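J.: sharing a model prediction with you, sequence too.
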Amino acid sequence: MTKRNAYLLVLALGATVVLTGCMPKMTIEELKAMIPERPAELDKLNAFAGTWEWDGETTVAGLDQVLKTTGSSEATWDGDGWYLVSREVGHIEELGDMQGLEAWTYDTHTKKYRGTWVDNMGSSGTGEAWHDEKTNTWHFRATSHGPCGKTSIKGHAKVLDENTMEWTFAEYAGLIKTMEMTGTGRRR
C-alpha cells in the first residue's frame with residue numbers, strides 16, 4: 001500500500017468514526033415514526049393487478065416474418081401493499097417460452113413509478129412509468145441488459161376498461177429498433 005493510499009484510508013476511517021459518533025440517540029418509537037405511510041399513488045397500479053391473458057405480435061429486426069405472441073401474467077400485491085409483483089409466462093412463435101418476474105412500486109421522492117424486470121431469456125432491467133389521466137394510458141421507459149447488450153425500451157399500455165388493455169413496447173440498441181411487441185391483454 002502506498003503512503004498516499006494509507007493516508008486516504010486513515011482519513012476515511014477517521015471521518016467514519018467522527019460522523020458515526022455524531023449520530024443522535026433515538027428511541028424505537030422515534031425510529032418507527034420515521035417509516036412513511038403507504039403512498040395512495042400505489043393504488044393506481046391496481047390496473048395491472050390480477051390474472052391476465054394476452055395475445056399479440058412480435059417483430060424482430062432482421063426477420064421477415066411477424067411472430068404470434070401469447071401469454072399470461074398474475075400480478076399480486078406484496079410487502080404489505082408496497083409493491084406489485086407480476087409473474088409472466090409468454091410464448092413467442094418459434095422462439096419458445098419466456099418466463100419473467102417484474103416488480104413495481106411508487107417512489108415518493110421522485111414522484112415516479114419504478115420497476116425492475118428479469119427473465120429466462122437473459123434479460124434484466126429497470127425502468128419507470130407514468131400515468132396519463134386524460135387518456136388512461138401508462139407510459140414506460142426502461143434500460144435493459146440482455147442478448148442484444150444494453151438496450152432501451154419504450155412503450156405504453158392503454159386501459160380500455162377495467163378488464164382490457166392494449167399495449168405496445170419497442171426495444172432499441174442505440175437508434176436501431178431490435179424488437180417491437182403489440183397486443184391486447186384481458187383480465188380473467
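T.: Great, that's in hand.

J.: are we agreed that R4 is in a strand?
T.: No. Counting by DSSP: H, G, I helix; E, B strand; the rest coil, R4 is not found in a strand; it is helix.

J.: wait, Y83 touches D107, no?
T.: No. In this structure Y83 lies outside contact range of D107 using CB atoms under 8 Å: 11.1 Å. To be clear about C-beta, it is placed using only N, CA and C from the backbone, and glycine gets the same treatment.

J.: how about the residue most central in space within the chain: what's its closest non-neighbour residue?
T.: Geometric centre of the chain, nearest residue: G115, 2.1 Å, by CA atoms, centre = their mean. What sits nearest to G115 in space, not counting adjacent residues and going by CB to CB, 6 or more residues apart in numbering, is W104, at 4.4 Å.

J.: and the helices in this structure?
T.: For the chain, the helices defined by DSSP state H occupy 3-21, 28-33.

J.: which of those helices has the lowest mean pLDDT?
T.: The weakest mean pLDDT among those belongs to helix 3-21, with a mean of 64.

J.: need the helix or strand of this structure with the lowest average pLDDT.
T.: For the chain, counting by mean pLDDT, DSSP states H and E, helix 3-21 ranks last in confidence among helices and strands (a mean of 64).

J.: E166: how many residues sit nearby?
T.: For E166, the neighbour count with other CB atoms under 10 Å is 16.

J.: what is the burial count for the closest residue to K150 other than its chain neighbours?
T.: Spatial nearest neighbour of K150, excluding adjacent residues (CB to CB, 6+ apart): T143 at 6.9 Å. T143: 13 surrounding residues under other CB under 10 Å.

J.: so what's T143 up against?
T.: Residues near T143 by CB atoms under 8 Å, 6 or more residues apart in numbering: 125-127, 150-153.

J.: T70 too?
T.: 53-56, 90-91.

J.: before we move on, back to that, wait, doesn't the residue nearest to G115 sit right on W117?
T.: No. In this structure W104 lies outside contact range of W117 using CB under 8 Å: 9.7 Å.

J.: can you tell me how far Q99 is from G122?
T.: The gap separating Q99 from G122 is 12 Å, by CB to CB, to the nearest Å.

J.: who has more neighbours out of those two?
T.: Per other CB under 10 Å, whichever of Q99 and G122 has more neighbours is Q99, with 13 against 10.

J.: list the contacts for that one?
T.: 87-90, 119-120.

J.: no further questions, thank you.
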